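Asks: Quick one, what's the 3D model for this:
(2 chains)
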Amino acid sequence: MKFNQDTEVRLHRGKRKILDSFGADPNVTGAGIGFRRRDGQWTDEPVVVVLVAKKRPEALVSNRRLLPRTVEVDGSLCEIDVIEAGPFRMDRVTDPAREVTSAVVEGVKGRMRPPRPGCSISNPLDGDAAGTLGLFVLDKTDGTVCLLSNNHVMARMGKGVKGEKIIQPGIADGGTVAKDTIATLKRWVPITTAGTKIDAAIAQLVDQMNLSLQPALDRMPPLGVKHPAVGIFTGGDDHGTGVITRMDLALTALNVVPAVSAPDGRVVAAPPEAVKTPEPFMNIEKVGRTSGYTSSMITAIGVESVILTPLGMVLYSDLALTDRFGLAGDSGSAVFHGGDGDTLVEPENQSSCPLLGSVGSYYGLPLTGDNDLADDLRDNFLAQSLLGRLLIRIPYINQQSVIDRLEGKHASGSELSYASQYYEKYHDFMATVLADPNSTAVVTQENLDDAAFVIYGLAQSVLTPPEAQLAYTLLQNALLPTLGMNRRQVLDYMNGHDLYRLVYDEIAKVPTIETNGPIELPR
Amino acid sequence: MLRASGAAGSTLIIGMALPASAAAAEALSPQQREMVLQVAKAGASYPIEVPSFGERGTAGSRVTASRLRNAEVRLQPARLATVRTGADLLISQGLLAVPRPALLAGIGRAAATAAPAERQALIAVAALGAATVSRHLDPASDSPATVWIGGLAHLHDRGMQPSALRPLETR
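Replies: Numbers count the residues shown, from 1 in each chain, chains lettered A, B, ... in the order given. The predicted model follows:
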């Protein structure tokens, strides 16, 4: 589906306004333009697509960080669709521990002669890495056949030197310089931290006659007018979202043209129609070193996002987004228009709560492994009471403040030691009580004394004076009365309106804690 | 006097309280008492200023010989015997008159290297010290002394020195 030109221009301006206003928010990972997806179904409503690392219900987001539903451009409103995507990183393989590949995925990791698009390659000077050979192209300056892949796969993010060897398979797949060199690095588009639209390089094929234009695995045809290339798979996130750089821009910048086979078998330049620009809803397909053949759909275009690279964070622009299309090691894959749009891979892993990550990192506790326990606490305990529903909101709304406060700080040895003592003492107990709605365990004096020690410890280290006063007040007036209560009795107690008002009023007095206002009390 | 001997190292008391002479025999020696007071003073402000639990004054100011005696009499003889064992263990390691940082580090070392019974004795010392700081705390309860001793042992295991918590903004 295409935008009309006016709509596209307006959406881009709306995107710019959103990025100018909200781009500094750590939860906002980028923005582009596309069509709205509602309940998993695509609509024909053009929208500015805003990417966030974690999407939360409105009530759980700080008012000052809440993204608007619309953005005004030239007196009319552009709709906004917020999706969970990013932060992104490059998708070559550099860490074997990150490589989580399902047994049902057929990758292209082995030695392949002649080499074919989709197979594993790497620059040996890049260490234990592997990416994907995207396409064979012809160098317009001298007519030689070259490999096309990402700069970050072959040219070491621009740190490479012309003539460096490119091997197939890549080092991570057992390739060696002595036996597996197939090309030498020739040219690349520089990438700087100032930003880029292109992540591409070429390497000249050593044996100019030893190649096959047919992509590996024989699941799709070679490049041609009926099977045009639209991009290069470049990176991804933990949610399964992939980012694609534009093929047309890469070819122009490198002064190359895709290679096709003439009727007489010669390798010749492809016609211009063999390359297209990506569009929303376009079905796409690729063959990559890790996930093999996949097909998905373009979900947004014109995307600006910061990507974690070996150079640090680099702003990439004019990206296309897709879902569940590739994994680490697929970087460099040529992306074609085609496929059923529904031959997908599963994301490598699920992201964990950033708040647990930040607090866990500060105290040296494995809290990110407790995501499920935290979800249990939220869904199977707190959500069942009035006060609990308020307490659910507070960490979500204020999580960035906590992350910012702990950023760059290191817990003292004593904080680490005592955090570990209480974690070990209560972790399994909490899990047991949460797992049993009829638990007969009761709140003991020992539990309350421990709570007092923990609160005093927090007050003397990480809390502001008003926050500490709040903690003391709530300990005294809200927590101590739970002595002797079991789980059900605590829930009944937390459903009390008076208790809710007491807690809400005390929290609302603290300037560093946002509440988004009281939740509506049932009549 | 109704009294029966229990297992080695402990005494089972049936019925009435001990007469003064017997109680004195079970009581801490002056040196053991001084050791417990030193532990209480160290624990009053490490790793945090102990919660007031409704009492007046700083935690450190509440560590007095008379409050220790009041806490001591709340203990059964068997528990008191365990306290004596723990105090003697610390004294034997030269910790009776050392500066507070050295005392905390020494308790951590002793706890980290102790046999289970010895560690329990250290916990009993710490619990009596905690009850000296705060009457709210039960001198016969292992909590929160177990956490306090465990934290010091944890620090020793990692080669770190105990230091009181400081506000984040000062770091």
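Asks: Sketch out the low-pLDDT regions of chain B for me.
Replies: Judged by pLDDT under 70, chain B has its weakly predicted residues at B:1-25.
Asks: Contact partners for whatever residue of it ends up closest to chain A?
Replies: Nearest residue of chain B to chain A (C-beta to the nearest C-beta) works out as B:Met160 at 3.5 Å. Bear in mind the C-beta positions are built from the backbone N, C-alpha and C, glycine included. Taking C-beta atoms under 8 Å, 6 or more residues apart in numbering or on different chains, we find B:Met160 in contact with A:Gly413, A:Leu416, A:Ser417.
Asks: Could you give the bridge partners of A:Ala183?
Replies: Following DSSP bridges, A:Ala183 is listed with bridge partners A:Ile166, A:Leu205.
Asks: biggest helix in chain B, by residue count?
Replies: Secondary structure of chain B read by DSSP state H shows that its longest helix is helix B:116-133.
Asks: ok, and the closest non-adjacent residue to the residue in the stretch 351-500 of chain A positioned nearest to chain B?
Replies: Nearest residue of the stretch 351-500 of chain A to chain B, counting by C-beta to the nearest C-beta: A:Gly413, 3.5 Å away. Distance criterion C-beta to C-beta, 6 or more residues apart in numbering or on different chains; nearest residue to A:Gly413, sequence neighbours excluded, is B:Met160 at 3.5 Å.
Asks: Tell me how far the one you found lies from B:Pro47.
Replies: In this structure, B:Met160 and B:Pro47 are 12 Å apart, going by C-beta to C-beta, to the nearest Å.
Asks: Overlap in contacts, those two.
Replies: Contact with both B:Met160 and B:Pro47 is made by residues A:Ser417, according to C-beta under 8 Å, 6+ apart.
Asks: Contact partners for A:Thr440?
Replies: Counting by C-beta under 8 Å, 6+ apart, A:Thr440 makes contact with A:Asn486.
Asks: oh, I was asking about B:Gly151
Replies: If a contact means C-beta under 8 Å, 6+ apart, then B:Gly151 has A:Ser414, A:Ser417, A:Tyr418, A:Ser420, A:Gln421, B:Pro47 as its contacts.
Asks: Spatially, which residue comes closest to it, not counting chain neighbours?
Replies: Leaving aside its chain neighbours, B:Gly151 sits nearest to A:Ser417 (4.2 Å; criterion: C-beta to C-beta, 6+ apart).
Asks: Only the buried residues of the helix or strand hosting that neighbour, if you could.
Replies: When elements are assigned from DSSP states H and E, A:Ser417 belongs to helix A:413-435. By 16 or more other C-beta atoms under 10 Å in any protein chain shown, the buried positions in helix A:413-435 come out as A:413-423, A:425, A:430, A:433-434.
Asks: now the strands for the stretch 1-150 of chain A?
Replies: Remark: strands of the stretch 1-150 of chain A, listed N- to C-terminal, are A:28-38, A:41-52, A:70-73, A:76-84, A:88-90, A:120-121, A:131-132, A:135-139, A:145-149; assignment by DSSP state E, counting those that start in this stretch.
Asks: how about the ones you listed, which one is nearest chain B?
Replies: Ranking the strands of the stretch 1-150 of chain A by proximity to chain B (C-beta to the nearest C-beta) places strand A:28-38 first, at 26.4 Å.
Asks: elements contacting the closest one?
Replies: The helices and strands touching strand A:28-38, judged by 3 or more C-beta pairs under 8 Å, 6 or more residues apart in numbering or on different chains; DSSP states H and E, are helix A:5-22, strand A:41-52, strand A:76-84, strand A:292-309, strand A:312-323.
Asks: hmm, try it at 10 Å
Replies: helix A:5-22, strand A:41-52, strand A:76-84, strand A:241-246, strand A:292-309, strand A:312-323 (3 or more C-beta pairs under 10 Å, 6 or more residues apart in numbering or on different chains; DSSP states H and E).
Asks: which residues of chain B fall in strands?
Replies: In chain B, the strands defined using DSSP state E lie at B:3-5, B:11-13.
Asks: Burial check on the residue in the stretch 51-200 of chain A positioned nearest to chain B, number of neighbours?
Replies: Scanning the stretch 51-200 of chain A for the residue nearest chain B gives A:Ser62, at 20.8 Å (criterion: C-beta to the nearest C-beta). Applying the criterion other C-beta atoms under 10 Å in any protein chain shown, we find 18 residues in the vicinity of A:Ser62.
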